[in-house]
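Visitor: Following is a predicted model, sequence given first.
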Amino acid sequence: MTGRKKPKILAPDPDHEHAIFKVLPKQQPIIPLEDAKPRGPKSPQAREDNSAEKITGPESSTPPAPVREKSAHTIDTAPENVARSTFRLMPLERHRADLEMLEQEGYQIDLILKGAMKAARKNTPRIEEYVPPPDLAYWKKHHVRWAFSVTNDTIAKLRAAAKDPLDALPLSELVRGQITSAWIPALDEAIAKVKRAL
């Protein structure tokens, strides 16, 4: 039986000797920043300082807005049993000539209408009764808005007086008669007053 041939050990190749037998320099281990900090239990003073830093940071430097308490004199502006709306007031066609004449004299029609509405509101501070609306011819170029509020109980009374059990009429129609009956005389008086000032 033939024995195995022993491999011949050749001399190292001088061109690759440095690559095979060169010893690399020992690298220093990389230490994370968090591990580089000294460890150990924090002193009570350090823990207190850390807690104070969290509490008094830049986000908590602004004091919170004070909570506004509801005063005993505060009026509820939107009670559930009150309906609020507006009604458009317009002059009549018979007012047109006088208002255009006053406008040419330098008076503002809108201010005359607002003055008349202010006087009418004094005579009609609340909507309390149903008045059948008159059939009038309005001059629709100018108008002002009358803001009003009525309770649900009053609305029920207005509908009963208007013979509207099915709630078919809008709220503006239920109040138009009473508002108009105060508006037209007030506008007549306002126009007459401005004319006397000419």
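Guide: Perfect, I can see it now. Numbering: from 1, shown residues only.
Visitor: can you map out the strands along the protein?
Guide: 82-89, 144-151 (DSSP state E).
Visitor: neighbours of the residue lying closest to Leu187 once chain neighbours are set aside, just the number please.
Guide: Of all residues not flanking Leu187 in the chain, Ala116 sits nearest, at 4.1 Å (C-beta to C-beta, 6 or more residues apart in numbering). Every residue, glycine included, has its C-beta placed from N, CA and C. Number of residues near Ala116 (other C-beta atoms under 10 Å) recorded here: 25.
Visitor: which residues touch Ala116?
Guide: Counting by C-beta atoms under 8 Å, 6 or more residues apart in numbering, Ala116 touches 183, 186-187, 189-191.
Visitor: For these, which entry has the maximal number of neighbours?
Guide: Counting by other C-beta under 10 Å, top hit in these: Trp183 with 26 neighbours.
Visitor: Apart from its chain neighbours, what residue comes closest to that residue?
Guide: Of all residues not flanking Trp183 in the chain, Ala120 sits nearest, at 4.8 Å (C-beta to C-beta, 6+ apart).
Visitor: hey, which helix or strand in this structure has the poorest pLDDT?
Guide: helix 17-21 (a mean of 45; mean pLDDT, DSSP states H and E).
Visitor: check contacts around the closest residue to Val131 other than its chain neighbours.
Guide: Spatial nearest neighbour of Val131, excluding adjacent residues (C-beta to C-beta, 6+ apart): Gly177 at 3.2 Å. Gly177 is in contact with 130-134, counting by C-beta under 8 Å, 6+ apart.
Visitor: Mind jotting down where the helices sit in this structure?
Guide: Per DSSP state H, the chain carries helices over the ranges 17-21, 33-36, 44-55, 96-104, 109-123, 152-161, 171-196.
Visitor: low pLDDT regions in the protein?
Guide: Along the chain, segments meeting pLDDT under 70 span 1-79, 125.
Visitor: wait, what's in contact with Asn81?
Guide: Applying C-beta under 8 Å, 6+ apart, the residues near Asn81 are 151-153.
Visitor: Top of the residues you listed by number of neighbours, please.
Guide: Going by other C-beta under 10 Å, Thr151 tops the contacts of Asn81 with 15 neighbours.
Visitor: Quickly list what that one is bridged to.
Guide: Here Thr151 sits in beta bridges with Val82, as judged by DSSP bridges.
Visitor: and it, what does it touch?
Guide: Contacts of Thr151 (C-beta under 8 Å, 6+ apart): 81-83.
Visitor: Arg121 is in contact with Trp146, correct?
Guide: Yes: if you go by C-beta atoms under 8 Å, Trp146 and Arg121 touch, sitting 7.3 Å apart.
Visitor: what residues do the two have in common as contacts?
Guide: Counting by C-beta under 8 Å, 6+ apart, nothing touches both Trp146 and Arg121.
Visitor: what's the spacing between the residue nearest to Leu187 and Val150?
Guide: 22 Å (C-beta to C-beta, to the nearest Å).
Visitor: Same check on Ala182?
Guide: 15 Å.
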